[in-house]
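[1] Provided below are the primary sequence and the corresponding predicted coordinates.
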Amino acid sequence: MRKTIQEILFQPKAWENTIKAFTAQKAEITAYLKKYQTSEIILTGCGTSYYLPLTASSLYTKNTGAKARGVPASEIMLFPETIFARDKKYLLVSISRSGKTPETLSATRYMKEVVKGGTLLISCTEGSEMAEYADLSIVCPGAAEETKYMTKSFTSMLLGFQLMIAFKTGNEAFEEELKRLPEIGERLINEYQRSMERLAGNQDFNLYIYLGHGPLYGIAAESMLKIKEMACTPAEAYHGMEFMHGPKYAVDEKTLIIYLLSDSIRNQEIDLLRRIKELGGNIKIICEESNPEIREIADDVFELKCGLSENATPILMMLLTQLYGYYRALAVGKDLE
């Protein structure tokens, strides 16, 4: 079996390892986050590790009420004056699978030496150079891939940050939800792996569009990157409603639209999906649970049916889009590792 699919399928085990590692450091993490009462938390990384902060910062602000945003590490390296306001206190959370990504290393060093704010690293590698500039370094054990594609590292590091949110807010119910993710992930793999393989092999599209709002926009962006780098096919990601302001004109019968549905704005998004359906693309919806309206709109529906809040489920949706991206790459003849 190819290494890439092994790493995708290994994710529930990687999540178990992450939960154990972060729980073991719960007291240290909680104390550190209480210490830094900042004006804003900046989450940063490159590529996949930048799309992760788009989801993570959204979840952080939603659950804590405090300011957070995700920015590319290259912007901190090249235009720091556009990121950091004068006389404000910041905490930088660096996301890096290897702990040695040049731009993220530069951003972390800049925070430590120039801005003199807090530095926290979430990585998958022990003893990295970046860790030398971090006040606190937390590793997701066993989550680093042997291949170039970030799959289990993305979901594991995002899960680690979700646990940090639960620790900071003292939300034990959220923490318990996150601890259920490994078993739910295993179920979803068993339920959807073959259907994802079948759909990816039987349907040919020349444009892939991923849509989501709030925390799910970052998942849409990372899903776009996965199919683009695995299958080498044109793909885009948008906030759902933003898609209707111009990008909609690119849609035809050869366009696949994958919509990541949020429970909290379901009614607004169903109204939006009715408008999207009129454009003529093939629509697949990933949601917690469907209803007759959703099934009427979608060509295919993938239901999580996990009973968790939408704060906990982004990595479950990512798991499904990774499977589709992998099998689509095989269908178009890409020789993945």
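    Looks like it arrived, so ask away. Residues are numbered from 1 along each chain as shown.

[2] rest of the way, CA atoms for contacts and neighbours
    Fine.

[3] A331 touches A200, doesn't it?
    Yes. The pair A331 / A200 is scored as a contact, 6.7 Å apart, by Cα atoms under 8 Å.

[4] those two: which has the busier surroundings?
    Using other Cα atoms under 10 Å as the criterion, A331 and A200 rank with A200 on top: 21 against 18.

[5] does that one count as helix, strand or coil?
    Here A200 is recorded as helix under DSSP: H, G, I helix; E, B strand; the rest coil.

[6] give me the nearest residue to it, chain neighbours excluded.
    Nearest non-adjacent residue to A200, counting by Cα to Cα, 6 or more residues apart in numbering: R328, 4.7 Å away.

[7] list the contacts for the one you found?
    E197, A200, G201, I227, A231 (Cα atoms under 8 Å, 6 or more residues apart in numbering).

[8] tell me the confidence at the residue of the chain most remote from its centre?
    Ranked by distance from the centre of the chain (Cα atoms, centre = their mean), the top residue is D87, with 31.4 Å. At D87, the model reports a pLDDT of 86.

[9] again with R198
    95.

[10] could you do M1 as well?
    Per-residue pLDDT puts M1 at 51.

[11] now that we have the contacts of R328, which one has the most neighbours?
    I227 leads those on contacts (other Cα under 10 Å) with 24 neighbours.

[12] let me see the contact set for the residue nearest to that one when sequence neighbours are not counted.
    Nearest non-adjacent residue to I227, counting by Cα to Cα, 6+ apart: G325, 4.6 Å away. Residues counted as contacts of G325 (Cα under 8 Å, 6+ apart) are A200, S223, K226, I227, M230, A231.

[13] coming back round to it: between the contacts of R328, which sits nearest P102?
    Checking the contacts of R328 against P102 with Cα to Cα, the nearest one is I227 at 24.7 Å.

[14] so that closest one touches E236, yeah?
    No. Applying Cα under 8 Å as the test, I227 and E236 come out as separate, 9.8 Å apart.

[15] just checking, the residue nearest to A200 is part of a helix?
    Yes. R328: assigned to a helix according to three-state DSSP.

[16] pLDDT-wise, which helix or strand of the chain ranks last?
    Every helix and strand of the chain was ranked by mean pLDDT, DSSP states H and E. The lowest is helix 26-35, at a mean of 93.

[17] model confidence over the next helix or strand after it, on average?
    Using DSSP states H and E, the helix or strand that follows helix 26-35 in sequence is strand 40-45. In this model, strand 40-45 carries a mean pLDDT of 97.

[18] can you give me the buried ones in strand 40-45?
    E40, I41, I42, L43, T44, G45 (16 or more other Cα atoms under 10 Å).

[19] please enumerate the strands of the stretch 201-337 of the chain.
    207-211, 235-238, 255-260, 282-287, 300-303 (DSSP state E, counting those that start in this stretch).

[20] with mean pLDDT added, can I get these in TSV?
    As requested, the strands of the stretch 201-337 of the chain are exported to TSV (pLDDT from 0 to 100):
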stretch	mean pLDDT
strand 207-211	97
strand 235-238	98
strand 255-260	98
strand 282-287	97
strand 300-303	98
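
[21] could you list every helix and strand that the helix or strand hosting T4 packs against?
    Following DSSP H and E, one finds T4 within helix 3-9. Helix 3-9 sits against helix 314-331, with contacts defined as 3 or more Cα pairs under 8 Å, 6 or more residues apart in numbering; DSSP states H and E.

[22] what's the angle between the helix it packs on and strand 207-211?
    180 degrees (axes from the mean of the first three to the mean of the last three Cα atoms, to 10 degrees).

[23] taking strand 255-260 as reference, get the angle to helix 314-331.
    160 degrees.

[24] from here on, call the first residue 2.
    Sure, I'll start counting at 2 from here, so that last one is helix 315-332.

[25] any low-confidence regions in the stretch 2-151 of the chain?
    Along the stretch 2-151 of the chain, segments meeting pLDDT under 70 span 2.

[26] the strands in it, which residues?
    Under the criterion DSSP E, counting those that start in this stretch, the stretch 2-151 of the chain contains strands at 41-46, 69-73, 91-97, 119-124, 137-140.

[27] need these in a markdown table with distance to E177, can you?
    Formatted as a markdown table, those follow (distance: least, Cα to Cα, whole Å):
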| stretch | distance to E177 |
| --- | --- |
| strand 41-46 | 24 |
| strand 69-73 | 24 |
| strand 91-97 | 24 |
| strand 119-124 | 21 |
| strand 137-140 | 20 |
